[in-house]
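> Can you look at this prediction? I've put the sequence above it.
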Amino acid sequence: MQEEIVKKRFPFFESGLRDAILNEGTYREFDAGEELIREDQFIRSFPIVISGVIKVCRTDEAGNELLLYYLRPGEVCTVSLICCMDRTRSRVKAITEEATMAILIPVELLDNWMTQYQTWKEYVMRSIQKRFDELLNALDSIAFLKMDERLEKFFRDRFHTTGSTQFEGSHQDVAQAMNSSREVISRLLKQMEKRGMVVLSRGRIDYAPLCD
């Protein structure tokens, strides 16, 4: 079963690399909200997402979060890979956004795979380029968009990532993800509701109108 899943998800990998993933990796299932990587920890294994979505973010001393990007099926966290290469502590945390299946790869294999498997090297380099582009996009949003525009973009990006039109959580959860205050986010959400862009209920935000 796992062999078929890996072959379907990574048809571009050499058969030897797929065998190495199956033999050396650990197949794990996670519930929504589980923390896979903590900030300031040495990483012993990094996840390759098979299904589900993982949120990668940074936090400040007050616990406010800044969303960096999402990991989708078939993707790997390149920030954690870079920490593994440098043998440094993690500078991000990774939390499952929904029920997720992933294969955890021991960091000791990273260097060998980079030289042994050409398709792994290409996969890592493409991942780094994609994450770099997403980080630039996040910086552009902070620098050039107003908060209401950032909030709309937050929901649209979430739809494109997860396919969901529902945010299960509080206004404070949204504020933390956007590194803003609950008061600001609540005010903007109420304005958006008046304009028919979202539907607010306790513990849930329906942003389907933004996804039409």
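Cool, the structure landed.

> list the buried ones in the helix-or-strand element of the chain with minimal mean pLDDT?
Using mean pLDDT, DSSP states H and E, the weakest-scoring helix or strand in the chain turns out to be helix 78-86, at a mean of 80. The neighbour-count check on helix 78-86 (16 or more other C-beta atoms under 10 Å) flags 78-81, 83-84 as buried. In short, each C-beta sits where N, CA and C put it, glycine included.

> just these now: which is nearest L68?
V79 (7.4 Å; C-beta to C-beta).

> residue closest to the middle of this structure?
Centroid-nearest residue in the chain: Y70, 2.3 Å away (criterion: C-alpha atoms, centre = their mean).

> Residues contacting the helix or strand hosting that residue, please?
Using DSSP states H and E, Y70 sits within strand 65-71. Here strand 65-71 makes contact (C-beta atoms under 8 Å, 6 or more residues apart in numbering) with 47, 49, 53-60, 77, 79, 92, 94, 97, 131, 134-135, 138, 154, 157-158, 161-162, 176-179.

> Let me know how buried D212 is, in neighbour terms.
Neighbours of D212 under the rule other C-beta atoms under 10 Å: 5.

> Ok, A138 next?
For A138, using other C-beta under 10 Å, the count is 17.

> in the lengthiest helix in the chain, what's buried?
Counting by DSSP state H, the longest helix found in the chain is helix 118-144. By neighbour count on 16+ other C-beta under 10 Å, the buried set for helix 118-144 is 120, 123-124, 127, 131, 138, 141.

> For this structure, which segments count as strands?
Remark: strands assigned in the chain by DSSP state E are 26-30, 35-37, 45-51, 54-59, 65-71, 93-96, 100-106, 166-168, 199-201, 204-206.

> Worst mean pLDDT among these?
Among the strands of the chain, strand 65-71 has the lowest mean pLDDT, at a mean of 83.

> gap between that strand and the chain center?
Strand 65-71 sits 6 Å away from the centroid of its parent chain (C-alpha atoms, centre = their mean, to the nearest Å).
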